[in-house]
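Visitor: Below is the sequence, then the predicted model.
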Amino acid sequence: ALKPLSKEHWLTLALIGFIITSGISFLAVSPVLLGGMVEQLGFSKQLIGWVTAVTSIGVAIAGVVVSVIISRFGILNLVRLGLFVLMLSEIGAAYSTTPASMLLFRFLAGLFGGLTYVSALSAYASLSQPIRGFSTYTIVFCSLSSITLFFLPTLVQSFSLKGGFFLLASFAALGLLVSGVLSDFSNGRPRQKINAQVLRLLGRRTIFFTVLAYFALQAGAVAIWAFLERIGDEKGLTPIYIGFGLSLTGICGIIGAISTNTLRKRLSLQQLVAIGFPGMGFSLLLFYLGSSAISYILAIVLFATSWAFILPIYQAIQAAYDTEGKIVSIGAFMNMLGQSTGPALASLLLGSSPYVNAVWIALGMLILSWLSIIPSIWGLSSRTGNPAS
């Protein structure tokens, strides 16, 4: 008989990464589906901003819920419930033609997909090297989104939005099929009473700054990410070229995540942050100032690589403060609160101006994120007594 895989095995980590990704698969490919809503359903730029926002709000609410109930119900039960309802919600979204019904199904998909996302993500916090798990997730997320974004524009053109949403439903079904890999992460933990006091963790200054930095990073990044397809369309690029550009985000994300995992052994957290943030800031300026197809591709490459480089660092810092995954759950809430705030704020401020003006919102949030993460790194260094922590 085959031996069961260990919790630290790369295949275990990769399957968990797929489950996490399936929970938020809409957000992974949202530029293409949002563009389809504009062209096929006649949704306005404000409305597609809110479609992204309500999805992320659902995930954010799930982050709070999971941080309170995960000790009582366990990772596996929450993941399976989330994936089942997510699958049904994506099918419902496939047949939505009005703003009200689309917003309803996107909220449900966000809420139950978030239940999956946050619960499975918290499993990594119990690893001996959490950053290895978070980097693996980033690689899986980027790989799946890269492959999907390459052919999704053609799929949506050929089979309408239904084709896209049924693809997301199939991801949820596959995640449900392999969810047993989380058994070891649930069975080893004693069931505890529901404890809402976990939210008091935010009262600790260093932890507050950690999740604030995560919020600001995601708000700024998704303010641009949600409108990448529309930015390309404004620059006069073809759907095939835009799809190619978007598919590069996954490849570059893999490079960014691998680079983080490699450099973490040699550089301090402060040095890693100092590498990631300038690259992301420059990519935003390139989006705004560039007018050619080449500049659009270069901006995407730099943006995606920097984003994936920074994310595992943030998640590892959260896990270092609490190996039970409670702070990771709260961080996931702030992450999705940021992902909802960014595009919603951008859609409100854009008005009739070009989509690319969302760059200024992204830059402001990026600066706030950088200013917030430094105190958390200092606090972690004082806990370990190692300035390179």
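Guide: Done, it's in.

Visitor: Just give the nearest non-adjacent residue to L83, would you?
Guide: Distances taken as CB to CB, 6 or more residues apart in numbering put L176 closest to L83, at 4.3 Å, once the chain neighbours are dropped. For the C-beta atoms, the positions are set from N, CA and C on the backbone; glycine is no exception.

Visitor: name the element the one you found belongs to?
Guide: helix 130-177 (DSSP states H and E).

Visitor: Show me how far that helix is from its chain's centre.
Guide: Put simply, helix 130-177 sits 12 Å off its chain's centre (CA atoms, centre = their mean, to the nearest Å).

Visitor: what does stretch 290-306 give?
Guide: With CA atoms, centre = their mean, you get 20 Å for stretch 290-306.

Visitor: From I69, how far out is the residue lying closest to F18 once chain neighbours are set aside?
Guide: Once flanking residues are discounted, F18 sits nearest to V140: 5.5 Å by CB to CB, 6+ apart. Distance, V140 to I69, using CB to CB, to the nearest Å: 26 Å.

Visitor: So between those two, which is more surrounded?
Guide: V140 (23 against 20; other CB atoms under 10 Å).

Visitor: who touches the more buried one in this structure?
Guide: For V140, the contacting residues are A14, G17, F18, I20, T21, by CB atoms under 8 Å, 6 or more residues apart in numbering.

Visitor: Which one of these is nearest to A216?
Guide: Taking CB to CB as the measure, A216 lies nearest I20 of the contacts of V140, at 21.8 Å.

Visitor: Provide a list of residues in contact with the closest one.
Guide: Contacts of I20 by CB under 8 Å, 6+ apart are T116, Y117, A120, L121, Y137, V140, F141.

Visitor: Regarding the first one, what is its secondary structure?
Guide: So that's T116. Assigned with DSSP: H, G, I helix; E, B strand; the rest coil, T116 falls in the helix class.

Visitor: tell me the contacts of it?
Guide: So T116 contacts I19, I20, S22, G23, L78, V79, G82, L83, L86, G175 (CB under 8 Å, 6+ apart).

Visitor: try the fifth one
Guide: Y137 makes contact with L13, I16, G17, I20, T21, L121, Y124, according to CB under 8 Å, 6+ apart.

Visitor: Closest one of these to F105?
Guide: So of the contacts of Y137, ranked by how close each gets to F105 (CB to CB), first place is T21, at 19.6 Å.

Visitor: which residues of the protein score low on pLDDT?
Guide: 1-6, 8, 71, 186-204, 206, 322-332, 380-389 (pLDDT under 70).

Visitor: show me where it has strands.
Guide: Counting by DSSP state E, the chain has no strands at all.

Visitor: Where do the helices of it begin and end?
Guide: 10-23, 25-41, 45-73, 75-94, 99-123, 130-177, 183-187, 205-225, 228-234, 239-263, 269-289, 293-321, 326-350, 358-384 (DSSP state H).

Visitor: got the buried residues for stretch 339-352?
Guide: For stretch 339-352, a neighbour-count test (16 or more other CB atoms under 10 Å) marks Q339, S340, T341, G342, P343, A344, L345, A346, S347, L350 as buried.

Visitor: That stretch: how far from the chain's middle?
Guide: The chain centroid and the centroid of stretch 339-352 are separated by 18 Å under CA atoms, centre = their mean.

Visitor: Output that stretch as CSV - backbone C-alpha positions only.
Guide: Extracted in CSV, the C-alpha atoms of stretch 339-352 (Å, rounded to 0.1, in the frame of the first residue of the first chain):
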residue,chain,number,x,y,z
GLN,A,339,-9.3,43.6,-2.5
SER,A,340,-12.8,44.9,-2.2
THR,A,341,-11.8,48.5,-1.2
GLY,A,342,-9.3,48.9,-4.1
PRO,A,343,-11.5,48.3,-7.1
ALA,A,344,-14.6,49.9,-5.4
LEU,A,345,-12.7,53.1,-4.6
ALA,A,346,-11.2,53.1,-8.1
SER,A,347,-14.6,52.6,-9.8
LEU,A,348,-16.0,55.5,-7.8
LEU,A,349,-13.2,57.9,-8.5
LEU,A,350,-12.7,57.0,-12.1
GLY,A,351,-16.0,58.3,-13.3
SER,A,352,-15.6,59.0,-17.0
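
Visitor: residues in contact with the nearest residue to G163 once chain neighbours are set aside?
Guide: Closest residue to G163 apart from its sequence neighbours, by CB to CB, 6+ apart: L155 at 4.7 Å. Contact analysis of L155 by CB under 8 Å, 6+ apart lists G163, G164, L167.

Visitor: One more: S352?
Guide: S352 neighbours (CB under 8 Å, 6+ apart): none.

Visitor: Quick check: it vs L41, distance?
Guide: 20 Å.
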